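Novice: Any chance you can model this:
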Amino acid sequence: MVARNNGRDLLTVSLILTLALFRMAEANSDGDALYALRQSLSDPQRALESWDPTLVDPCTWFHITCNGDNRVTRVDLGSYQLSGHLVPDLGKLDQLQYLELYENDIQGTIPSELGNLKSLISFDLYKNSLTGQIPPSLGNLKSLLYLRLNNNHLTGSVPPEVTSLPNLRVLDVSGNNVPPLKRIPMHKFENNAGLKGRILRAERS
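Specialist: Just a heads-up that it's a prediction; the model follows:
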């Protein structure tokens, strides 16, 4: 009986250690993704100074919020005069809910990998210097409520995958080189009281 109990205790300890190592690996993955972002940005206000890759847990970094499992859920870097570009690695932050990078001078395109952020609720990149088109992969963000891309240098049409997002309440693409939003079924406006941009017409579905 004692041997059986010891075996059960060892199994329990082994499972706990395995889970702890798994969570640590996930936290490391989040940290690697964020450090890749830091490496791609110029940071005159030293907002990212605490983003030290030698620290296992990115939850100790400034402007980062985590959940109880030490997974990154929020990045708050609005209005820090950051310049540079976004990195595909950000798409690895699969627990991220808020990505706030507004009012900086971030350039380049929006990586299609950001469509992997399935937990994202708020995506704010307004008042930057982004170019290129809005990637259709953002249509994978089924939890997204707020998408603010206004006042950049984006071109091309807003992908239908984006305008069809089921929970989207605010879509702002004003102040870009984006043609009018058109042929959006009327029912899409029911939850989109904050929809902004040039709207040519809406067609009833």
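Novice: Can you tell me which residue is spatially central in this structure?
Specialist: Most central residue of the chain, judged by C-alpha distance to the mean C-alpha position with Cα atoms, centre = their mean, is L99 at 4.4 Å.
Novice: helix or strand right after the helix or strand where that one lies?
Specialist: Secondary-structure assignment from DSSP states H and E places L99 in strand 98-100. Toward the C-terminus, strand 98-100 is succeeded by strand 105-108 as the next helix or strand (DSSP H and E).
Novice: List the contacts of that following strand.
Specialist: By Cβ atoms under 8 Å, 6 or more residues apart in numbering, the list of residues contacting strand 105-108 from outside reads 41, 81-86, 125, 128-132. Yep, even glycine has a C-beta here, placed from its N, CA and C like the rest.
Novice: Paired strands for it, with orientation please.
Specialist: Strands flanking strand 105-108 in the sheet, each with its direction: strand 83-85 (parallel), strand 129-133 (parallel) (DSSP bridges).
Novice: how distant is stretch 117-134 from the center of its chain?
Specialist: Counting by Cα atoms, centre = their mean, to the nearest Å, stretch 117-134 is centred 8 Å from the centre of its parent chain.
Novice: in that stretch, what's buried?
Specialist: Neighbour-count burial for stretch 117-134, with 16 or more other Cβ atoms under 10 Å as criterion, is recorded at 117, 119-128, 130-131, 134.
Novice: what about that stretch, average pLDDT?
Specialist: In this model, stretch 117-134 carries a mean pLDDT of 99.
Novice: Quick check: end-to-end length of that stretch?
Specialist: When the termini of stretch 117-134 are compared using Cα to Cα, to the nearest Å, they are 15 Å apart.
Novice: now do stretch 135-150
Specialist: Rule used - Cα to Cα; the end-to-end distance of stretch 135-150 is 15 Å.
Novice: Find the least confident helix or strand in the chain, judged by mean pLDDT.
Specialist: Least confident helix or strand, the chain: strand 199-203 with a mean of 38, by mean pLDDT, DSSP states H and E.
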